[in-house]
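Novice: When you get a sec, could you give me coordinates for this:
(chains A and B)
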Amino acid sequence: MTVSVLLFIILAIGAAGYALGVRRARAAAGGDTRKLHSLTGYHGQSVLLFSAVPALVLLGLWLVLQPLYLDHRAGAMIAVADIPEGGSLDLVLADVRRVAEGLDLLVASGGMTEDDLAATGAADSDLKARLGGVGVALAGEVGEGVFEAARDYRHATHGLSLAMAAATIAAALAGLVFALRRIGTDYRARNVSEGFVLLLFIASSLVAVLTTVGIVASLLIESIHFFRLYPARDFLFSLTWNPQFRGGSDLGIWPLLWGTLYVSFVALLFAVPVGLLSAIYLSEYASRRLRALAKPAIEVLAGIPTIVYGLFALVTVGPFLRDWFAQPLGLGSGSSSVMTAGLVMGIMLIPFVSSLSDDIINAVPQSLRDGSYGLGATQSETVRQVILPAALPGIVGAVLLAASRAIGETMIVVMGAGAAAKLDLNPFEAMTTITVKIVSQLTGDTEFASPETLVAFALGMALFVFTLGLNIVALYVVRKYREQYE
Amino acid sequence: MTDASAIRPGIRASLMTPDTRTRRRNAAEARFRLYGRIAIAIGLAALVVLMGSVLANGLGSFRQSFLTLEVHLDEKVLDKSGARDPEAMKKVTTIGYGKIVDAALKATIAAEGIVVEGLTDKDVSDMISKEAAALVRNRVLADPALVGQTVAFKVLANGRIDGYLKGRVTMDSAERDSNVSPRQLELADALVARGILAKSFNAGFITGPDASELRPEAAGMGIAILGSAYMMLVVLFLSLPIGVAASIYLEEFAPKNRFTDLIEVNISNLAAVPSIVFGILGLAIFINFAHLPQSAPVVGGLVLTLMTLPTVIISTRAALRAVPPSIRDAALGIGASKMQAIFHHVLPLAAPGILTGMIIGLAQALGETAPLLLIGMVAFVRDYPGGLFDPATALPVQVYNWTQRADPAFVERASGAIIVLMVFLLAMNMAAIVLRRRFERRW
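Specialist: Sure thing, here's the model as predicted:
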């Protein structure tokens, strides 16, 4: 029985519960619903909630815990000798799962009966070929331990799936009966179901907290794995990045960090003046018509997906900079460079800087402007000597937020900055960033046992901590500043 | 106050003639205005150049070069038994059909009397896309009665020939290119002059599956569009209820305490976490821990849900806050419970705002690429996904995928796919604006 069928059954029980609840409530009141504490719909709703929600929660928990239990069980069956040289238990378990899946397919396609399966062992010479025949390709030979574990795994999976169906349906029915029996004229069905709904609301608001916990936990656990395989000191202080897939890699973060900061610096150098000046012009000088036209047009830039900017960098900006600047000046010959990625990222950040600064400039009280004009200052003097100093903390906050955006940006640098990790000052040279390396280390067929793959999690951790720190400081500054004029 | 004239003697004769200092200040004022205008011009120019570059590169991909050929479906090759049994006919592979199509082109060239110096058989057969044989084969297998007849087929021309018609390949570049020869281009000119080779609208680009590196002319984004649509469904069905429920709790019920503060700080920080970190989360939790399948729209949808949830919550809360308290008070006053006041009165009034926020969240999710790369949506998929658990790709990931390929024809495809993506985004944002305009109420 598949999960979707199970889901459907549970929802059907819930729907039936609603109808039964309404009927039972009406019967309890003897047809006169005024005798009930709550409207009949609330009685139905309470039955629906009690039958469907606990069963769904159970189903979700079961789906998460079952693979864990099965892995544990299969892991216990695998002897140390079954783990090949240089491999790990995780890899063997992946094999176990694939063999079990293959056996399932074999039985389903009629290539093997259940009795055959019980009789064969790993020694069966054509097992690999037969598994290959149903589309499960295995790299090496199937060991005895792996085969036994796979057979057991398959067996346990079937048993547990049945148990899951039985348990969840039983839970749904039990909830149905429990809620139905409580219905009576004195039963406060509305209060109960409203309390239940409130509980669901609280659970939903916890999803955000759980996401953060999930992010931190997954980054931390895999980073710890990484630091067990690779010394933290080398990661934090080495100046070379040179992953080798045969081992002996240099995985120093500095070249990546330098590339990230350099690209972000170029981007901010472009975006901050343009964004700030256009915000000032739009809020202090522009006519109503220009403002109504230019402000949305600039904000369109914020709604464009980063992949579009990436393609723009790759196809238009990169070749343009190479042909008009880098090659004539003799600074480089490639189209991906820090300058390409930085400029395009700067374009992306213009609306970000300008709309944040716009808010901040508008928050400066009119009385400050009036005072300045009253003393005979021109508009630009007012802006430079009164408004900007007053808005400075907010603008600093906006720039920090933009910086955190720039550091975490991925597609533009993947497509525009290049992949060579180096410490260089030439902005027309290709460099790479933390996000580029996360993508390149984690895409393709990767095994989660080598430091070359796990380093991506440590890089992710660095990125997360970095952007989070910037955000917290920026939000603190902006909030502090807002309070000043409220 | 000191006497100003004592400091700056001979200050001004008349208010009508500005002195040097005033002139300097006015010049500074004009300069400052100019800077502002330049900044705005840069912003607008960036937008125009960006859009222009995408359109210029991508519009060509919607029109593709086709050869119109009279193909004689030879019974001796396609159905030796003569029984028209589709099972037996399946034994003839695309290689057999390829030869028939090549022969048809050769016959056409001879019939039209086109003579090109040094034209080889390989040159002729390379004019046609490798996809053409599969097209003819599918048509014949679907209708075995066609065998033995001469049928008109409109088949794709090779990507390089298509490039020549679009100006991407020239006689000079063909000299240096091992995949195309100047003789073929001469032949192409002759065929164009006779109306056999022509560009027309290419529906396969929008609905077809991706094709391998060697046949850019056949690559389509049907699977990517379908995969994106599946993911948007997951995002919609998860983030709308969860986001609205969380917002109602935080806005209407939550007591002001440490715990609520924690949730609020959490949500505002999650909104600023780089999207790639959500990809790492998806890889670690959904794929490595929960063993969900790689490249499946359900995993992409879950990751994008977590990513858009803060956006949805923030805009939903703003919409709920905009409903004046008097509405709640009136409902409570006539005996509604708090939950009834919210579900019967506040939520319907906040619905346009909530929907607007949801659409903007969906648009953000639709354009997101980086997290999807990490959960394996870059895989090469040829089969249309039948459900949420089948492998698929997504529109922005398909764009990225095409840009990583060597043949420049794929750049045109990538830009074309971006145009489609932008049309979707534009439609969604328009819907959001219309919703806001029509239903927004100000109290």
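Novice: Next, the contact list for residue A:297, please.
Specialist: B:43, B:44, B:47 (C-beta atoms under 8 Å, 6 or more residues apart in numbering or on different chains). (Glycine included, C-beta is placed from N, CA and C.)
Novice: repeat that for 7 Å
Specialist: B:44, B:47 (C-beta atoms under 7 Å, 6 or more residues apart in numbering or on different chains).
Novice: what number of residues lie near residue B:115?
Specialist: Using other C-beta atoms under 10 Å in any protein chain shown, residue B:115 has 11 neighbouring residues.
Novice: Same check on residue A:479?
Specialist: Residue A:479, neighbours per other C-beta under 10 Å, totals 12.
Novice: which other helices and strands contact the one helix or strand it maps to?
Specialist: Per DSSP states H and E: residue A:479 is located in helix A:451-484. On a contact count with 3 or more C-beta pairs under 7 Å, 6 or more residues apart in numbering or on different chains; DSSP states H and E, helix A:451-484 meets helix A:189-229, helix A:388-408, helix A:434-442, helix B:258-270, helix B:275-281.
Novice: And the second one, how far out from the chain middle?
Specialist: In other words, helix A:388-408. Relative to its chain's centre, helix A:388-408 lies at 25 Å (C-alpha atoms, centre = their mean, to the nearest Å).
Novice: Does chain B have contacts with it?
Specialist: Yes. Interface with chain B: helix A:388-408 contributes A:404, A:408 (C-beta under 7 Å from any C-beta of the partner chain).
Novice: For that helix, list the C-alpha coordinates in CSV.
Specialist: Presented in CSV, the C-alpha positions along helix A:388-408 are these (Å, rounded to 0.1, in the frame of the first residue of the first chain):
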residue,chain,number,x,y,z
LEU,A,388,22.6,62.0,5.0
PRO,A,389,24.2,62.4,8.5
ALA,A,390,20.8,61.9,10.0
ALA,A,391,20.2,58.8,7.9
LEU,A,392,23.7,57.5,8.1
PRO,A,393,23.1,54.6,10.5
GLY,A,394,20.2,53.4,8.5
ILE,A,395,22.2,53.6,5.3
VAL,A,396,25.0,51.7,6.9
GLY,A,397,22.5,49.0,7.8
ALA,A,398,21.2,48.9,4.2
VAL,A,399,24.7,48.5,2.9
LEU,A,400,25.4,45.7,5.3
LEU,A,401,22.2,43.9,4.2
ALA,A,402,23.3,44.4,0.6
ALA,A,403,26.7,43.0,1.5
SER,A,404,25.1,39.9,3.0
ARG,A,405,23.1,39.4,-0.1
ALA,A,406,26.2,39.7,-2.3
ILE,A,407,28.1,37.2,-0.2
GLY,A,408,25.4,34.6,-0.4
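Novice: The helices and strands packed on helix A:451-484: which one's closest to residue A:465?
Specialist: helix A:189-229 (9.0 Å; C-beta to C-beta).
Novice: State the next helix or strand along the chain beyond the closest one.
Specialist: With secondary structure assigned by DSSP H and E, helix A:189-229 is succeeded by helix A:232-237.
Novice: what's downstream of that following helix, the next helix or strand?
Specialist: strand A:241-242.
Novice: Give me the average confidence score over that next one.
Specialist: Strand A:241-242 comes out with an average pLDDT of 85.
Novice: Who are the contact partners of residue A:280?
Specialist: A:361, A:383, B:36.
Novice: who wins for neighbours among those residues?
Specialist: residue A:383 (25 neighbours).
Novice: Let me see the contact set for residue B:315.
Specialist: Residue B:315 neighbours (C-beta under 7 Å, 6+ apart): B:353, B:356, B:357, B:360.
Novice: mind running it again at 10 Å?
Specialist: Residue B:315 sits next to B:243, B:247, B:353, B:354, B:355, B:356, B:357, B:358, B:359, B:360, B:361 when contact means C-beta atoms under 10 Å, 6 or more residues apart in numbering or on different chains.
Novice: which residues sit in contact with the last one?
Specialist: With C-beta under 10 Å, 6+ apart as the criterion, the residues that contact residue B:361 are B:235-236, B:239-240, B:243, B:304-305, B:307-316.
Novice: rewinding a little: of the helices and strands packed on helix A:451-484, give the one that comes closest to residue A:268.
Specialist: Distance to residue A:268, taken as C-beta to C-beta, is lowest for helix A:388-408 among those, at 6.1 Å.
Novice: Run through the neighbouring helices and strands of the closest one.
Specialist: helix A:254-280, helix A:338-363, helix A:366-374, helix A:434-442, helix A:451-484, helix B:275-281 (3 or more C-beta pairs under 10 Å, 6 or more residues apart in numbering or on different chains; DSSP states H and E).
Novice: Looking at the ones you listed, which one is packed in the most?
Specialist: Highest mean neighbour count among those (mean count of other C-beta atoms under 10 Å in any protein chain shown): helix B:275-281, with a mean of 27.
Novice: And chain A, is the strand or helix carrying residue B:339 touching that?
Specialist: Using DSSP H and E, residue B:339 sits in helix B:338-341. Yes. Contact of helix B:338-341 with chain A (C-beta under 10 Å from any C-beta of the partner chain) involves B:338, B:339, B:340.
Novice: Hmm, the first one is touching residue B:331, no?
Specialist: Yep, that's residue B:338 we're talking about. Yes. Counting by C-beta atoms under 10 Å, residue B:331 is a contact partner of residue B:338 at 8.9 Å.
Novice: ok, now which ones touch residue 48?
Specialist: Went with chain A since none was named. A:11, A:13-21, A:175-176, A:179, A:193, A:196.
Novice: ah, I was thinking of chain B
Specialist: Contacts of residue B:48 (C-beta under 10 Å, 6+ apart): residue A:297.
Novice: Tell me what angle the regular element (helix or strand) spanning it forms with helix A:338-363.
Specialist: Per DSSP H and E, residue B:48 falls inside helix B:20-58. Comparing the axes of helix B:20-58 and helix A:338-363 via axes from the mean of the first three to the mean of the last three C-alpha atoms, to 10 degrees yields an angle of 130 degrees.
Novice: Point out the residues in the stretch 1-150 of chain B that sit beside chain A.
Specialist: B:22, B:25-26, B:28-54, B:56-58.
Novice: 6 Å - rerun?
Specialist: B:25, B:29, B:32, B:35-36, B:39-40, B:42-44, B:46-47, B:50, B:53, B:57 (C-beta under 6 Å from any C-beta of the partner chain).
Novice: Spatially, and excluding backbone neighbours, which residue is closest to residue B:401.
Specialist: In this structure, residue B:401 finds its nearest non-sequential neighbour in residue B:378, 5.8 Å apart by C-beta to C-beta, 6 or more residues apart in numbering or on different chains.
Novice: residues near that neighbour, how many?
Specialist: Neighbours of residue B:378 under the rule other C-beta under 10 Å: 21.
Novice: Next, it: phi, psi?
Specialist: Phi and psi for residue B:378, reported as degrees, to the nearest 10, are phi -80, psi -10.
Novice: mind checking how far it is from residue A:8?
Specialist: 33 Å (C-beta to C-beta, to the nearest Å).
Novice: What lies in contact with the helix holding residue B:339?
Specialist: Helix B:338-341 has contacts (C-beta atoms under 6 Å, 6 or more residues apart in numbering or on different chains) with A:194, B:328, B:331, B:332.
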